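J.: Dropping the sequence and predicted coords here.
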Amino acid sequence: MSVPAIPWTELTVAVGAPLLVVVFYFDGMIIGKFIPSGALFFGYVVIVDPPVVVLFPVSGLCVAASTLGQWTLYRGLNEDRPEFVGIRRRVPYLNRLPFFIRAKMGERRMWFVTRMFDRFGGVGLCLTNAIPGMGGLMSIPAGLSKYPLGRFLLFATVGNVFYVFILVAAARGLIDLF
């Protein structure tokens, strides 16, 4: 007895939303920059064409996941923040994360991001979240400089909402990006 083939559209509908949430979380942590979350989200909206009652919660979950990923990175780099579960002590080599990120980004890009954060603060964080490939990078200087948590979460969320709004508008044909 053979297993029936699943059409790509049905597979995308079944797996798409949870996969997007995971990809957006890792994208917020910068770890997921290898997987283009924006392109996957755009493709999901174009292929599945979800109704607004589905698109709105999926978009909200993606925004929340990206903000949570950025918060995870911010928290890991801000050593003055208290730990809830002691993750820095339990996960081996987690204390090396700032050095790994600096090496991965390169000195020039790290200098640029730090300079932009020093100059624009939360507004810079908000704006870079709306730029594909740049979202989450400002979490590094924010965490290292001990930027206030409430303001960090506010600006990160607003930037992520704007980014997802642009993706939805482009995928639905409301704006022309190309």
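T.: Received it, and whenever you're ready, just let me know what you need. Treat the numbers as computed from the prediction; the structure is a model and nothing was measured.
J.: So what's the residue count around residue 113?
T.: Burial of residue 113, expressed as a neighbour count using other CB atoms under 10 Å, amounts to 20. The way it works is simple: take the backbone N, C-alpha and C, and place the C-beta from them, glycine included.
J.: now do the one 3 residues further on
T.: When neighbours are counted by other CB under 10 Å, residue 116 registers 18.
J.: What of residue 119?
T.: 9.
J.: and what of residue 66?
T.: Residue 66: 30 surrounding residues under other CB under 10 Å.
J.: now swap in the one 5 residues further on and tell me
T.: The criterion is other CB under 10 Å. On that basis, residue 71 has 19 neighbouring residues.
J.: What strand or helix carries it?
T.: helix 52-77 (DSSP states H and E).
J.: I'd like the average pLDDT over that helix.
T.: Helix 52-77 comes out with an average pLDDT of 89.
J.: Show me what it packs onto, helices and strands only.
T.: helix 8-28, helix 37-48, helix 97-105, helix 139-144, helix 149-171 (3 or more CB pairs under 8 Å, 6 or more residues apart in numbering; DSSP states H and E).
J.: now for these, which one comes closest to residue 123?
T.: Among the helices and strands packed on helix 52-77, the nearest to residue 123 by CB to CB is helix 149-171 (7.1 Å).
J.: can you tell me how far residue 145 sits from residue 42?
T.: 33 Å (CB to CB, to the nearest Å).
J.: the more surrounded of those two?
T.: Of the pair residue 145 and residue 42, residue 42 is the one with more neighbours under other CB under 10 Å, namely 17 against 13.
J.: Flag the helix or strand of this structure with the lowest per-element mean pLDDT.
T.: When the helices and strands of the chain are scored by mean pLDDT, DSSP states H and E, helix 87-90 comes last with a mean of 58.
J.: Now for the residue most central in space within the chain: which residues touch it?
T.: Centroid-nearest residue in the chain: residue 28, 2.7 Å away (criterion: CA atoms, centre = their mean). By CB atoms under 8 Å, 6 or more residues apart in numbering, the contact list for residue 28 reads 65-73, 135-136, 139, 160.
J.: can you check residue 158 too?
T.: Going by CB under 8 Å, 6+ apart, residue 158 touches 126, 129.
J.: just checking, residue 65 touches residue 18?
T.: No: using CB atoms under 8 Å, residue 65 is not in contact with residue 18, being 10.3 Å away.
J.: out of the two, which sits in the busier spot?
T.: More neighbours surround residue 65 than the other of residue 65 and residue 18, with 21 against 11 (other CB under 10 Å).
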